[in-house]
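*Asks:* sequence first, predicted coordinates after that:
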Amino acid sequence: MKHTLTPQRYLILLAVMLTASVGDTLLSHGMKQVGPVSLAHLGLLLAAMRNPWVITGILCLLGFFASYLTALSWADLTFVLPATAFGYVVVLLLAKFWLHEAGASSLYRWAGIVLIVCGVGFVANGPSQTQHEPVDPLEEPAHTLTGGAR
Amino acid sequence: MVAGGVETSVLETWVTIVTVAATAVAGDVLTAGAMRRIGDLDIIRARAGMGGAIKAVVSSPMFLLGVLSMALSFFSLLFTVSNVEVSLAAPASASLTFLGNAFAAKLFLKENVDRRRWLAALFVCAGVFLLSK
């Protein structure tokens, strides 16, 4: 296994952690303003798409998917996934200190945070990728790139 | 188990939860496998621009299959939470997904899942379960 994380790649992992959790929290905040959506009132979903909190949340989740895919292109799945789990910790902190949710103070949840932080710590100091046969990204599949070099 | 007034047997409950986790694992493994085949996106972006990187990703059948699996997982989660209490369904499926990914990454992606990564998967799995309490 090799460990080739540059500061820029740590920033991508940080984006993976933060964008998903901040996006979820923004969606939650926005949907509370929109109100409960039921099958009888599906039109509310369209109204939700005009809420700035919901729009920002969706943009954050798009950013998450882009940074998640980028991380998977140079790191193992079992290295990246604990980083995504760290997002649960960020969600809980945002729920407690920004949304002031009552359940966010539960002792069980803080114990859960400690376990997740330990889990992320285990892999963060280890190698990021299993060494496989080297592949030139521009050779295979070559046809996928020819149209993109504009 | 009851959610929304609908009675669900223990077997049905766990079949739906395992379906959510299995489709999520399939999505993660297919996506990760596709990204490994495509190669380092930083290099592709440097050589072929952002358009080239996006085209390389979205033209991969394995990536598209992975996204389809993720979509299936999302809809099976919606189905599950309409029949099973969300306080059980969400953490149980998330925890199973973390463990399933460790097994699948070793089996299909040939990742070196050493003791450190197994411990990480178990700690995250337990942590996610505690967060639901």
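*Replies:* Done, it's in. Numbers count the residues shown, from 1 in each chain, chains lettered A, B, ... in the order given.
*Asks:* just the helices in chain B please.
*Replies:* Applying DSSP state H to chain B gives helices spanning B:10-38, B:41-58, B:61-83, B:86-107, B:115-131.
*Asks:* TSV for those helices, including mean pLDDT and distance to A:Ser106?
*Replies:* Glycine gets a C-beta too; all of them are placed from N, C-alpha and C. Converted to TSV, the helices of chain B look like this (pLDDT from 0 to 100; distance: least, Cβ to Cβ, whole Å):
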stretch	mean pLDDT	distance to A:Ser106
helix B:10-38	92	23
helix B:41-58	88	39
helix B:61-83	88	21
helix B:86-107	83	12
helix B:115-131	85	9
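*Asks:* mind putting those helices in CSV, distance to A:Gly119 included?
*Replies:* Shown next, in CSV, are the helices of chain B (distance: least, Cβ to Cβ, whole Å):
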stretch, distance to A:Gly119
helix B:10-38, 17
helix B:41-58, 26
helix B:61-83, 22
helix B:86-107, 9
helix B:115-131, 3
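*Asks:* okay, these in CSV with distance to A:Met31 and mean neighbour count next?
*Replies:* Output for those, formatted as CSV (distance: least, Cβ to Cβ, whole Å; neighbours: other Cβ atoms under 10 Å in any protein chain shown):
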stretch, distance to A:Met31, mean neighbour count
helix B:10-38, 22, 21
helix B:41-58, 29, 18
helix B:61-83, 15, 17
helix B:86-107, 15, 20
helix B:115-131, 20, 21
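*Asks:* quickly note the distance from A:Val130 to A:Gly121.
*Replies:* Careful, residue A:130 is Thr and not Val. 20 Å (Cβ to Cβ, to the nearest Å).
*Asks:* more crowded one of those two?
*Replies:* Under the criterion of other Cβ atoms under 10 Å in any protein chain shown, the comparison of A:Thr130 against A:Gly121 puts A:Thr130 first, with 20 against 15.
*Asks:* verify the stated contact: the more buried one with B:Arg117.
*Replies:* No: under the criterion of Cβ atoms under 8 Å, A:Thr130 makes no contact with B:Arg117, lying 10.3 Å away.
*Asks:* next, name the residue at the spatial heart of the chain.
*Replies:* You didn't pick a chain, so chain A it is. A:Ala20 (3.4 Å; Cα atoms, centre = their mean).
*Asks:* that's the other chain; I wanted chain B
*Replies:* B:Ala24 (3.0 Å).
*Asks:* how near is the nearest residue to it once chain neighbours are set aside to chain A?
*Replies:* Distances taken as Cβ to Cβ, 6 or more residues apart in numbering or on different chains put B:Ser73 closest to B:Ala24, at 4.1 Å, once the chain neighbours are dropped. The gap separating B:Ser73 from chain A is 14 Å, by Cβ to the nearest Cβ, to the nearest Å.
*Asks:* now do the SS call for the spatially most distant residue from the centre of chain A.
*Replies:* Farthest-out residue of chain A from its mean C-alpha position, per Cα atoms, centre = their mean: A:Ala40, at 31.8 Å. Applying DSSP: H, G, I helix; E, B strand; the rest coil to A:Ala40 yields a three-state assignment of helix.
*Asks:* show me what contacts it?
*Replies:* Contacts for A:Ala40 (Cβ atoms under 8 Å, 6 or more residues apart in numbering or on different chains) come out as none.
*Asks:* pLDDT score assigned to it?
*Replies:* The model reports A:Ala40 with a pLDDT of 72.
*Asks:* return the helix or strand in chain A with minimum mean pLDDT.
*Replies:* helix A:43-48 (a mean of 78; mean pLDDT, DSSP states H and E).
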